[in-house]
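Student: Pasting the sequence and the predicted model now:
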Amino acid sequence: MNIGVLGGTFDPIHIGHLVVAEEARTKLGFEEVLFVPAGQPWLKLDRDITLAVHRVEMVRRAIAGNPHFRLCTLEVERPGPSYTVDTLTMLRKQLGPEASLFFILGRDSLTDLPLWKEPQKLAQLCRLVVAPRLGSIDLKPLQTAIPGLLDKVIQFDMPVIGISSAEIRQRIAEGLPIRYLVPAEVEEYIREQGIYGASAG
């Protein structure tokens, strides 16, 4: 059983996340894709993160219409910084040896992998599914930093969606529309809760 894992801060989740997950699922034949909102992202300790309860609810609403997408709250339920290697270790124990894990990430995140906690162990726990980003990145230094890593990397083609959560937060703060950048259910929730400076109600 092949399981895709898409981790992220999801602050907020947007159309780009959903497109990546669906493209990876259909092209690589995943039974399902787990969306894993980060609890306390260790790479983002220097900035304020929206409360986990809101980020989890936005993910829940965003994926509700796809029977192949599932919310996984392991990281938000675990205290302390969120490390992908710990999450994958827990998923491996939960899902058993019959499950093959495929961690979905962008090429830009892949280049940061040597900075992550125990990158060699992480590569042993899963295959790395790399979605394209704008621009090209030289992956050769990764092979030097983490020998054998590129043998675990699967790259796939898909439309590049040039949307970022940071851009969406900025647009909301400036009173600009985010329609079609996030699912309608997510936009509604942001407005209801007054997140990112949105007008509540």
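Tutor: That came through fine.

Student: Run the chain-centre distance for the longest helix anywhere in the chain.
Tutor: In the chain, taking DSSP state H as the definition, the longest helix is helix 15-28. Chain-centre distance of helix 15-28: 11 Å, with C-alpha atoms, centre = their mean, to the nearest Å.

Student: Please apply the same query to stretch 193-201.
Tutor: Computed by C-alpha atoms, centre = their mean, the chain-centroid distance of stretch 193-201 equals 24 Å.

Student: By mean pLDDT, point me to the weakest helix or strand of the protein.
Tutor: helix 107-111 (a mean of 80; mean pLDDT, DSSP states H and E).

Student: Skip ahead from it and say which helix or strand is next.
Tutor: On the C-terminal side of helix 107-111, the closest following helix or strand by DSSP states H and E is helix 119-125.

Student: Given the helix or strand just after that following helix, what are its sheet partners and their directions?
Tutor: Per DSSP H and E, the first helix or strand lying C-terminal to helix 119-125 is strand 127-131. Strand 127-131 pairs in its sheet with strand 100-106 (parallel), strand 153-155 (parallel), by DSSP bridges.

Student: average pLDDT across the last one?
Tutor: Strand 153-155 carries an average pLDDT of 89.

Student: go on, stretch 177-194?
Tutor: 96.

Student: Buried residues of that stretch, list them for me.
Tutor: Using 16 or more other C-beta atoms under 10 Å as the test for burial, stretch 177-194 gives 178, 181-183, 185-187, 189-190, 193. Using the backbone N, CA and C atoms, a C-beta is placed for each residue, glycine as well.

Student: end-to-end on that stretch?
Tutor: Length of stretch 177-194, first residue to last, C-alpha to C-alpha, to the nearest Å: 14 Å.

Student: Next up, the contacts around Ile195.
Tutor: Residues near Ile195 by C-beta atoms under 8 Å, 6 or more residues apart in numbering: 12, 50, 54, 172, 189.

Student: what about the least confident helix or strand of the chain, distance to the chain center?
Tutor: So, by C-alpha atoms, centre = their mean, the centroid of helix 107-111 is 12 Å from its chain's centroid.

Student: how about that helix as CSV, C-alpha atoms only?
Tutor: Provided in CSV are the C-alpha atoms of helix 107-111 (Å, rounded to 0.1, in the frame of the first residue of the first chain):
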residue,chain,number,x,y,z
ARG,A,107,12.5,21.1,-4.9
ASP,A,108,13.3,24.2,-2.7
SER,A,109,12.6,22.1,0.5
LEU,A,110,14.7,19.3,-0.9
THR,A,111,17.7,21.5,-1.1
